[in-house]
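Please work out how this folds:
(one chain, ligands or ions: 1)
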Amino acid sequence: MKRIAVMGTGYVGLVSGTCFAEIGNQVTCCDIDEGKIQRLNEGIIPIYEPGLEEVVKRNIKEERLTFTTDIPSAIRDAEIVYIGVGTPMAESGEADLTFVKNVAKTIGENLNGYKVIVNKSTVPVGTGKLVQSIIKEHSTGNVEFDVVSNPEFLREGSALEDTMNMERAVIGATSDKAANIIKEIHEPFNTTIISTNLESAEMIKYAANAFLATKISFINDIANICERVGADVTKVAEGMGLDSRIGAKFLQAGIGYGGSCFPKDTRALIHIAEQVDYDFKMMKAVINTNEYQKMKVVTKLKDIISELKGKTIAVLGLAFKPNTDDMRDAPSLEIIPALLKEGAKIQAFDPIAKEAARLHFGDAISYHTDVYETLTNADVCVILTEWKDVLELDLNKVHSLLSKPVIVDGRNCFDLKEAEAANLIYHSIGRPEVNS
Ligand code: UDX
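Below you'll find the predicted structure:
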């Protein structure tokens, strides 16, 4: 059992802190937002994440998990201090390290004995060393400490499961002593440990996310070619993915990646490369493909019905992916304004992200949590997120509800034969058109 303080109660901080408590540590999660901390102490979770509330409540009850705004006391009481604060993207694409630097300063000011300071936020290569120097600058006396980089790989929507069953833990440390302490707290996770220096650990996080984004843009480019040569990208991906060197995952063509990580991290990596005089051309192409891909549903819809003005469009899905209420960099944020600009009326479905989406679209669209209600009185349908309710749609019923039986599917949710049998005009990504 270790005493761990976690700085930041966003996705990374909250999920990691909760999981460290779950495996038996004494964890204090800190945030400057008093309202958020008060709600967390009552077991109210600020994000939608399946299963998290139950585990948070259990660990609060069993007194392994507490939440506080008293950051200095939490740091002084801890043996290990995790930094899990946000690193938003500045205009330039550079990661904004203001929160990380502020936390490092507070840690320095409250360093009352040897501690391991662990960075879990996604930060540019070199930040570990920067954190080290800020702590040194603000600490008094000669108190020892070590900085470790232990990046996070969890996905939203399966964050708890991803952390409890992590495929690997990357531990980049400045000393064996610190590396061993962090290895030890990972033992209950029974995972593969990769030990490196600080810089490599920081780079692993960017390289992993950038590679996954590359896989998505690659298959989307292949999808665009498939459309022109009469191939079906889902079959192409299946045929490619069975090669174990390629792997089947992250080869789903669609309207591109969104979320809090890929768009931000790909841009940050280009910036990191520029700082060392390297033009990361491939990453720029990955981003370009992703931008192009988002608008495909709009162009496809306009190909089918040339005039969108006055049409009512049922938009199925607002969140950037299913099982989350996260709207950060969701394709819907660009697609819906483009449809509104064409003069269309939008009836949108999302079972979870409705309120988060309202902050972006206000009263410009109507919001629904019942998928069939969304389709009622609509002319045509566009699919942006592959929610379970969407995947389970009865296509004959969809046909009967729409005034024009058109679906433009940005997530390849249905079998082409099924769409054909329902007599729908069905256009998807990288596959032959049905009843065009
Ligand atoms: C991602 C990484 O998976 C995770 O390891 C990292 O720590 C944070 O970023 P997340 O953003 O939660 O996690 O979502 P993920 O499930 O990876 O999906 C990212 C985006 O890619 C989504 O917009 C999704 O729709 C898209 N995607 C994913 C595809 O378009 N095709 C695919 O085959 C897979």
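
from here on, contacts and neighbour counts on C-alpha atoms
Noted.

Might you report the residue contacts of Thr98?
Thr87 (Cα atoms under 8 Å, 6 or more residues apart in numbering).

can you pull the pLDDT of it?
Residue-level confidence at Thr98 comes out at 94, pLDDT.

Check the one 10 residues further on too.
On the pLDDT scale, Gly108 is placed at 97.

Am I right that it is in contact with Glu137?
Yes: counting by Cα atoms under 8 Å, Glu137 is a contact partner of Gly108 at 7.2 Å.

higher neighbour count, those two?
Gly108 (24 against 13; other Cα atoms under 10 Å).

so where does that one fall, helix or strand?
Secondary-structure assignment from DSSP states H and E places Gly108 in helix 98-109.

That helix: which residues count as buried?
Using 16 or more other Cα atoms under 10 Å as the test for burial, helix 98-109 gives 99-101, 103-109.

Closest one to the ligand out of these, please.
Closest approach between these and the ligand, by Cα to the nearest ligand atom: Val100, at 17.8 Å.

what's the pLDDT at the residue nearest to that closest one when sequence neighbours are not counted?
Excluding the flanking residues, the one nearest Val100 by Cα to Cα, 6 or more residues apart in numbering is Val85, at 6.4 Å. Looking at Val85, its pLDDT stands at 94.

was I right about Val85 contacting Gly8?
Yes: taking contacts as Cα under 8 Å, Val85 lies within contact range of Gly8: 4.6 Å.

just to revisit the earlier point, for the residue nearest to Val100, helix, strand, or coil?
Per DSSP: H, G, I helix; E, B strand; the rest coil, the local secondary structure of Val85 is coil.

so what's it up against?
7-10, 12-13, 99-100, 121.

Is Gly157 part of a helix or strand, or is it coil?
With three-state DSSP as the basis, Gly157 sits in coil.

Ignoring the adjacent residues along the chain, who's closest to it?
Gly157 sits nearest to Asn323 (Cα to Cα, 6+ apart), 4.9 Å away.

Tell me, how many residues neighbour the one you found?
20.

Quick check: phi and psi at it.
phi 60, psi 30 (degrees, to the nearest 10).

Verify the contact between it and Trp387 for me.
Yes: counting by Cα under 8 Å, Asn323 touches Trp387, with 7.4 Å between them.

any residues in contact with both of these two?
Between them, Asn323 and Trp387 share no contacting residue, judged by Cα under 8 Å, 6+ apart.

For this structure, list the residues in contact with the ligand, please.
Residues of the chain lying near the ligand by Cα under 6 Å from any ligand atom: 152-156, 216, 250-254, 256-262, 320-321.

run the last query once more with 8 Å
Within the chain, the positions adjacent to the ligand are 152-159, 205, 208-209, 212-213, 215-216, 249-262, 320-322, 330-331, 385, 411 by Cα under 8 Å from any ligand atom.

who's in contact with Ile181?
Contacts of Ile181 (Cα under 8 Å, 6+ apart): none.

Ignore what I typed, I meant Glu202.
Glu202 touches 122-126, 149, 151, 172, counting by Cα under 8 Å, 6+ apart.

Return the subset of those lying in strands.
Under the assignment DSSP state E, those contribute 149, 172 to strands.

quick one, domains of this structure?
3-196, 205-291, 295-427 (automatic domain parsing).

Quick one: end-to-end distance for the shortest one.
From the first residue to the last, domain 205-291 extends over 23 Å; the measure is Cα to Cα, to the nearest Å.

and it, average pLDDT?
Rounded mean pLDDT across domain 205-291 is 97.

please renumber so the chain begins at 25
I'll keep to 25 as the first residue from here, and by that count the last item is domain 229-315.

what's the pLDDT at Met113?
82.

how close does it get to Tyr302?
Counting by Cα to Cα, the gap from Met113 to Tyr302 is 20 Å.

before we move on, what about Gly341?
38 Å.

With Asn126 instead?
For Asn126, the distance to Tyr302 - Cα to Cα - is 30 Å.

on that earlier part again, what subset of the residues of the chain next to the ligand is buried?
Buried among those (16+ other Cα under 10 Å): 176-181, 183, 229, 233, 236-237, 239-240, 274-286, 344-346, 354-355, 409, 435.

What segments of the chain are strands?
27-31, 50-54, 89-92, 104-107, 139-143, 169-173, 192-197, 216-220, 336-340, 369-373, 390-392, 404-407, 430-433, 449-451.
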